[in-house]
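Engineer: what's the 3D shape of this:
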Amino acid sequence: MLKRIVPTATAIILGFLVLFGSLFQTEALVFTRIALTQWAMVLGAFAFILAYLNLLRVHLSRLQKFNKGSITSLLVIVAAVGSLALVLWQGPFGIWSQHLLNDFLVPGESALLALTAVTLIISGMRLLSTRRNLGSILFIVFAIIFLLGSVPYIGILRELSKLAQIPALAGMRGILLGVTLGITLTGLRIIFGVDHPHSDE
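Structural biologist: Sure, this is the predicted structure:
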């Protein structure tokens, strides 16, 4: 019983303190909110360290089994340990740290974005084959305009791409607004004790 009551009561009290510190600008509440937020950042940093150690533990255990994914696990371990050692040695703005960022991470992210673009087109084609309506057609048209508009030396499509960014930006803001409202609702449910993910029960 205590395993459920104590974490729930703690989450409710701290949640109300942070909420009141954001709504009422009194010195004590603002100081409490800032202190709790800083503690949350410290806990988040420790959670990141635990996630890093758990990543190494999982891939080390896979490496010991010598199955077909052992090479991938070895690459993940070497990359994780090597990146950490390099950043600890030179700092995030060192020469080799910047080489690692610009020569490996940025091209990798670009490749993933290119793969996402291809996946987007394939998904649109499948959507058009199963559901032929105005929404599917607009999805395909805007996706093609965005992809071709990012190619150099296609002037008119670049202008169309800029125009297409207006409804796309409105949609992205709508999605972000929905995510924000969902996070707010989840926080309020935790504060009022409706949900208790921090409890064992």
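Engineer: only C-alpha atoms for contact and neighbour calcs from this point on.
Structural biologist: Will do.
Engineer: Assign R132 to helix, strand or coil.
Structural biologist: coil (DSSP: H, G, I helix; E, B strand; the rest coil).
Engineer: tell me the pLDDT at it?
Structural biologist: We have a pLDDT of 73 for R132.
Engineer: What are the phi and psi values at it?
Structural biologist: Note on R132: backbone dihedrals following degrees, to the nearest 10 are phi -90, psi 90.
Engineer: for N67, same thing?
Structural biologist: phi -100, psi -170.
Engineer: On the pLDDT front, check it for me.
Structural biologist: pLDDT at N67 comes out at 72.
Engineer: again with the one 10 residues further on
Structural biologist: Reading off the confidence values, I77 has pLDDT 87.
Engineer: That one touches S61, doesn't it?
Structural biologist: No. In this structure, I77 is not within contact of S61 by CA atoms under 8 Å, at 11.2 Å.
Engineer: S136: neighbouring residues, count only.
Structural biologist: 17 (other CA atoms under 10 Å).
Engineer: and it, what element?
Structural biologist: helix 134-149 (DSSP states H and E).
Engineer: same check, this time on I166
Structural biologist: helix 155-191.
Engineer: Quick one: mean pLDDT for that helix?
Structural biologist: Mean predicted confidence for helix 155-191 is 72.
Engineer: out of I77 and S61, which sits in the busier spot?
Structural biologist: I77 (19 against 12).
Engineer: which strands and helices sit next to the helix or strand hosting that one?
Structural biologist: Assigned by DSSP H and E, I77 belongs to helix 70-90. Under the contact definition 3 or more CA pairs under 8 Å, 6 or more residues apart in numbering; DSSP states H and E, helix 70-90 sits against helix 27-65, helix 95-100.
Engineer: Turn those helices into a markdown table, including distance to F20.
Structural biologist: Formatted as a markdown table, those follow (distance: least, CA to CA, whole Å):
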| stretch | distance to F20 |
| --- | --- |
| helix 27-65 | 7 |
| helix 95-100 | 42 |
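Engineer: Can you report how many residues lie near the closest residue to L63 other than its chain neighbours?
Structural biologist: Leaving aside its chain neighbours, L63 sits nearest to S70 (4.9 Å; criterion: CA to CA, 6 or more residues apart in numbering). For S70, the neighbour count with other CA under 10 Å is 17.
Engineer: Next, the contact list for S70, please.
Structural biologist: Listed by CA atoms under 8 Å, 6 or more residues apart in numbering, the contact partners of S70 are 62-64.
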